[in-house]
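1. build me a model from this:
(chains A, B and C)
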Amino acid sequence: MWRFIGYRLLQAIPVILAVITVTFFLVRIAPGGPFDSEKAVMPEVKAALEAQYRLDQPLFSQYTAYLGDLARGEFGPSFKYPGRSVNELIGAGLPVTAELGFYALLVAVVIGGLAGVIASLKPNTAQDYIPMTAAMIGICMPSFLLGPLLVLVFGIHLDWLPVSGWGDIPGDKLLPSITLGSAYAAYIARLSRAGMLEVMSQDYIRTARAKGLPEWQVVTRHALRGGLIPVVAFLGPAFAGLLAGSFVVETIFQIPGLGRFYVQAAFNRDYTMILGTTVFLSTLIVLFNLLSDILAAWMNPRLRAQFGEQ
Amino acid sequence: MTTEVITDITEAEQGSSLWHDAWLRLRKNKLALFGGITLILFVIIAILTPWIAPYSYETQNLDLGATPPSAAHWLGTDIFGRDLLTQIMYGGRISLAVGFVATSVALIIGISWGAVAGYVGGRVDAAMMRFVDILYALPFMIFIVLLMVVFGRNILLLFLAIGAVEWLTMARIMRSQVQQLRQQEFVEAAISLGLPPSTIIRRHLIPNALGPIIVYTTLTIPSVMLLEAFLSFLGLGIQPPQTSWGLLISYGAETMEEFPWLLIFPGLALTLTLFSLNFLGDGLRDALDVRRSKD
Amino acid sequence: MATDNSATRWVGPLLAALLALCVGSCGFNESNVAAGNRDGVFHFGNGTEPQSIDPHVMSGSPEVNIARALFEGLVTRHPHTMEMVPGVAERWDISEDGKVYTFYLNPRARWSNRDPVTAEDFRWSLHRSLHPQLGNQLAYTLFGIVGAQDFATGRNTDPESVGIDVLDDLTLRIRLNNPDPYFLSTMGTYPTYPVHRATVEAHGQWTDRFAQWTRVGNFVGNGPFVLSEWKLNRRLVVTRSETYWDREKVTLNAVVFHPIESATAEEKMFRAGQLHFTQLVPLSKIPGYQAMDNSPYQQHRWQGTYFLQLNVRRDPLDDKRVRQALALATDRQKIVNTVLLKTEVPNSALVPVNTPGYQSPPAPDYDPQRARQLLAAAGYPGGEGWPGMEFVFNTSENHRKIAVVLQQMWQEALGISITLANQEWKVYLDTINEGDYTLSRMGWIASNLDPATYLNIFTSESGINRTGFSNARYDEIMLELAPAEADPEKRNALMREAEAILLEEVPLLPLYTYNSKHLVQPSVKGAPPNVLDVQNYKYISLDPAIPVWKGEG
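-> The predicted structure is shown next:
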């Protein structure tokens, strides 16, 4: 098991290096530069700005210099926010986005998992249709619609919860977490229902039933583990999606997170910021995919046996 | 156990009868039937739209502006005084096309990639999945901007770009399914019978992994439709006056307090489509479920 | 067997965490506005996160809104009368020929660390603002000063060559190339704000854009407020300065700048009583606000023009008659009255309507009949043989609406079709800067009332004339005759002649003059809407007796 994890971690290095390289050259090819403006930019000013960011050097030596900076843990200065380093910007945004993502995933797993499992126990009855219909509505409801709707109802008409912010006023974390989590709750509900149905028709469940175990024990002891494997496989990608998808929610609720920085950096052609966040997020994504693979392997007895032998 | 495996193989080989049985089972599922009929109806409407739309989708009546549903405009008009029903009909053409084309692209790439990685395992699997990881981590926005600029704005390209992004999750799910199935006796038996891997993947692994794949497909179509809306909203997708359901919804969301019908009707069209897709998806999953069919 | 129950064992802690999130969340709080009215704290919606608060590095309006609180120039604009009034300079002389300005500084003027503000501070700061290595994008606004352009472009590296002289600690003389009737208002803008030399140099070189002197704790300024808190993408807080020379006049204790990009989110925050003042108002919400009694909505003519750029090098716009036909077939009144909900002022000239002291030459009215004749004369009768044309615009709700309406309007009036293409902002800038378009849009908002700010765009030397338009007489007026003219009347007459050339040649198609639009809490006093849309926090006060305005009126 440890060898497997170590091996995967080693594999992550070329992945991240490839991501850096592709991103580095990709953002340079993209039309529009960081200093483009609707105002006239004097050539002297542009030259001075480019020199300050090493843009006057050949592209390849910029690339090697950047790798050198990275090796020292430096992401470089931001183009958009002079006086701020990318390290500082990520440091400011990451804890917020990570917390938002965690709560959203919590909402998604608890609500989605429960709905899916409950629905799978009595397929094609009201107990199935009602939670699954609710899940469908969750999928149809994009966050740019659900967010403002929740704000309108709970923030303005009922005046129960704050309409914006993060950690400034008690209660301001609730609406964003629900908004971000709901789409994933819906996904998880569907995946866990399907997974459970799949497992419930397997022989070992029939064996367990034949042994006279009560139905709830059949579910909790035997079915859940296998039935939730697709959900666990989904968690890695879901976390990546949450990080990227948090942009919309962060904008609606004025949350100072990494998602906003990331998308704005792309729009501003803030080269160092795009690279810095990409490197950072790709590392996280690789780690989370690894985690979700380990979890899926651990839940699957046969695969686990295989790891044990290795 | 062995007898079961053999029945499995024979059933899979008699493809036509498998599909025939599935169709018989599907026909009994009223919800799935309803979903299927609704989808077919929507597709027919989308195809016939240029001939049956009540108004031209470009014609404006600026003095009329946004009006609620009336006898002349069944679903009301937008701020340009354009007929909303017509907008929804034309928008459906784009949305359905994006949904189906991009999802098919994602399905084809994702399933084959995931199945091969999961089946072969080892180094090949590791290399293939690391490739997926790289794509996951790339800045998607920059990627799309580049595609649009380098190749020009083109709807087909938009479909491909979205499909090229959406296949990643599909590949991961497929791989975990295949890994699990590969341990099952009937696959091991098939291997020991000396069947070539391509046959095993095609006949045993993919059909048996269909459940989660179909479910995930029904989830991918809506997310693709919304992604298209997001991109178009940012100016990276389709160009006005062309429209799509996702765009109509995102515009409608801006004015949901003033002109609620501009949000409600496009929202209903999308919701109805997605429900139909899901009913059909669930029905198909049940109908194609080889193991359950033996009960 | 222990792991068998693992799935169920998770459910408990997960539920508990979820519950904690809910319980920890629910609570009731006093709104920002209610607390702010009581404590004298002004909550200001300020667009995006400020790039920098160094006045010689910044270039956008959220940054400027903050700089006005933290710094003060030699002169400043009174927000009520729009006159230039004393800032750090208590008085000033202008020479007979209008080319020499002498400023006499207020001896009570202090930096926030209690150092006196001197003439040398201003001289050094202006040199810094112009220095080519700093990369100040607004250095060109100071090119009226003798030698400034040569210094800023590196042709002369000696700062002494710039016409800025310190006569004594409190007297500063500035020499100009030409008599510029708007120079005084230039001296109130942020590229001329002084920065504290010792502080800047303590944190790096004077031309270092990345220096940390603008951070909380390091920062020293000379404005009515000082920096007290700056949290990325959350808020920037300034509090009343103890050392500002005119501190008795300042009634606010603090201003909180909220970075909010989305107009929709900002409006919701306003309705929830979280903001005193919004930067924007979503278009669709305006009619509702206008219909209210005691509406918090404020709309005022703004010194800005929305226009289309016509690429005169590209077929079919290389034919003047086609350009004129498009202008005549554009019903501005209809665009403004319908999709823009009467929130802007139709304008058929480049210089904004009602610019004080200036009257644009008359432009032909909407005349589709005449437009069709011109188009036919150009070889496209009734749109026949029309080669097609693409209209590019950057992604925005309003640009989209205008484009969609124009497309249909020209189709109906002229029988021609255009295609629309919206582009992401940087891609769009690249497209228009390269001249790789046929028709595009642009908005231009000035920070002074000089008509030349607009007319200078279309000279052949301008870096932002993206249309390919070039006219010898126009260049002569705008580059030689008007700048040298000391008499404002004659200067305006010359510029009217230049603008008439533009209206005849149609390298641009003006659509409307902007209005500024804000939501303002009724408790805010001393913040009247004005033509430059600037607020001077020194004059703003909050009335705690007036209740918070909260939606549902």
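2. use CA for all of it now, contacts and neighbours both
-> Will do.
3. and the top strand by length along chain C, how far out from the chain's middle?
-> When chain C is scanned for its longest strand (criterion: DSSP state E), the result is strand C:297-310. Centre-to-centre, strand C:297-310 and its host chain are 11 Å apart (Cα atoms, centre = their mean, to the nearest Å).
4. CA atoms only: put it into CSV for me.
-> What follows is strand C:297-310, C-alpha atoms only, in CSV (Å, rounded to 0.1, in the frame of the first residue of the first chain):
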residue,chain,number,x,y,z
TYR,C,297,-31.4,56.0,-7.4
GLN,C,298,-29.2,58.9,-8.6
GLN,C,299,-28.6,59.5,-12.3
HIS,C,300,-26.5,62.3,-13.7
ARG,C,301,-25.0,63.3,-17.0
TRP,C,302,-21.4,62.1,-17.1
GLN,C,303,-18.4,63.3,-19.2
GLY,C,304,-18.3,60.2,-21.3
THR,C,305,-19.1,59.1,-24.9
TYR,C,306,-20.1,55.7,-26.3
PHE,C,307,-19.2,55.4,-29.9
LEU,C,308,-18.5,53.0,-32.7
GLN,C,309,-15.1,52.9,-34.4
LEU,C,310,-15.3,52.5,-38.2
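5. that strand near chain A anywhere?
-> No. Strand C:297-310 lies out of reach of chain A by Cα under 8 Å from any Cα of the partner chain, never closer than 12.9 Å.
6. please name every helix or strand in contact with that strand.
-> Counting contacts by 3 or more Cα pairs under 8 Å, 6 or more residues apart in numbering or on different chains; DSSP states H and E, strand C:297-310 is packed against helix C:286-290, strand C:439-445, strand C:508-519.
7. contacts only, for the closest residue to B:Leu288 other than its chain neighbours.
-> Nearest residue to B:Leu288 in three dimensions, chain neighbours excluded: B:Ala22, at 5.5 Å (Cα to Cα, 6 or more residues apart in numbering or on different chains). Each residue near B:Ala22 by Cα atoms under 8 Å, 6 or more residues apart in numbering or on different chains is listed here: B:284, B:287-288.
8. contacting residues around the host helix or strand of A:Ala51?
-> A:Ala51 belongs to helix A:43-52 when assigned by DSSP states H and E. Taking contacts as Cα under 8 Å, 6+ apart, the residues outside helix A:43-52 that touch it are A:35, A:56, C:132-137, C:152-154.
9. mind checking which of those land in strands?
-> Per DSSP E, strands hold no members of the contacts of helix A:43-52.
10. for the helix or strand following the helix holding A:Ala51, what is the distance to the chain centroid?
-> Going down the chain from helix A:43-52, the next helix or strand is helix A:59-71, by DSSP H and E. Chain-centre distance of helix A:59-71: 28 Å, with Cα atoms, centre = their mean.
11. export helix A:59-71 to PDB, keeping only CA atoms.
-> What follows is helix A:59-71, C-alpha atoms only, in PDB (Å, rounded to 0.1, in the frame of the first residue of the first chain):
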ATOM      1  CA  LEU A  59      10.900  32.900 -24.200                       C
ATOM      2  CA  PHE A  60      12.900  29.900 -23.400                       C
ATOM      3  CA  SER A  61      15.200  31.600 -20.900                       C
ATOM      4  CA  GLN A  62      12.000  33.100 -19.300                       C
ATOM      5  CA  TYR A  63      10.900  29.500 -19.000                       C
ATOM      6  CA  THR A  64      14.000  28.200 -17.400                       C
ATOM      7  CA  ALA A  65      14.200  31.200 -15.100                       C
ATOM      8  CA  TYR A  66      10.600  30.500 -14.000                       C
ATOM      9  CA  LEU A  67      11.400  26.900 -13.300                       C
ATOM     10  CA  GLY A  68      14.400  28.200 -11.200                       C
ATOM     11  CA  ASP A  69      12.000  30.400  -9.200                       C
ATOM     12  CA  LEU A  70       9.600  27.500  -8.700                       C
ATOM     13  CA  ALA A  71      12.400  25.400  -7.300                       C
END
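12. output the below-cut-off pLDDT ranges for the chain.
-> This is for chain A. Along chain A, segments meeting pLDDT under 70 span A:1, A:140, A:237, A:240, A:244, A:300-310.
13. wrong chain, I was asking about chain C
-> C:1-29, C:551-553.
14. contact residues of it facing chain B?
-> For chain C, the residues in contact with chain B (Cα under 8 Å from any Cα) are C:264, C:284-285, C:334, C:338-339, C:394-395, C:400, C:404-405, C:408, C:420-424.
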